[in-house]
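Asks: Have a look at this fold, sequence not included:
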């Protein structure tokens, strides 16, 4: 669930009110990331904060063996371009999957993939992740 709204409209209070229910459900994961006005020119900062929280918790919750399997599955499911996109936006991806050995720069991707294709690929990579 993503909560969106104007400043002061009660988004944090709403999120906090459902936190216990989500965390105590068998499949619930509660993540929180807030938009920061000081870095508003950087896209996806709230998602990056939430993903960092998820990466840190996954390592603790899953245990070593299950976390290593999760890492291996992530690397198998994403190609080099998808990993580069995710690493570029979510630096905490390094906790789960290393960047490809020969990273693809944004210039390499921009030359070969149109902007709309980049957006679609990012969406697809995030869904696969």
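Replies: Yep, that arrived. None of the values given here were measured: they were computed from a predicted structure. Residues are numbered from 1 along each chain as shown.

Asks: so what does the top helix by length along the chain touch, helix or strand wise?
Replies: For the chain, the helix with the greatest residue count under DSSP state H is helix 45-77. For helix 45-77, the packing partners by 3 or more CB pairs under 8 Å, 6 or more residues apart in numbering; DSSP states H and E come out as helix 80-89. Quick note: C-beta positions are derived from backbone N, CA and C, even for glycine.

Asks: pull the helix or strand with minimum mean pLDDT from the protein.
Replies: helix 106-112 (a mean of 51; mean pLDDT, DSSP states H and E).

Asks: Just give the number of residues close to the nearest residue to residue 36 once chain neighbours are set aside.
Replies: Closest residue to residue 36 in three dimensions, ignoring its sequence neighbours and counting by CB to CB, 6 or more residues apart in numbering: residue 45, at 5.6 Å. When neighbours are counted by other CB atoms under 10 Å, residue 45 registers 17.

Asks: Next, the contact list for residue 45, please.
Replies: Residues near residue 45 by CB atoms under 8 Å, 6 or more residues apart in numbering: 33, 35-36, 39.

Asks: tell me which residues in stretch 13-25 are buried?
Replies: Neighbour counts over stretch 13-25 (16 or more other CB atoms under 10 Å) mark residue 15 as buried.

Asks: Start the count at 491 instead of 1 going forward.
Replies: Yep, numbering from 491; the last one is stretch 503-515 now.

Asks: Can you tell me the centre-most residue of this protein?
Replies: The residue lying closest to the centre of the chain (CA atoms, centre = their mean) is residue 541, at 4.1 Å.

Asks: neighbours around residue 587, how many?
Replies: Count around residue 587 with other CB under 10 Å applied: 22.

Asks: How about residue 542?
Replies: If we define neighbours as other CB under 10 Å, then residue 542 has 17 of them.

Asks: what's the spacing between it and residue 582?
Replies: Relative to residue 582, residue 542 is positioned 4 Å away (CB to CB, to the nearest Å).
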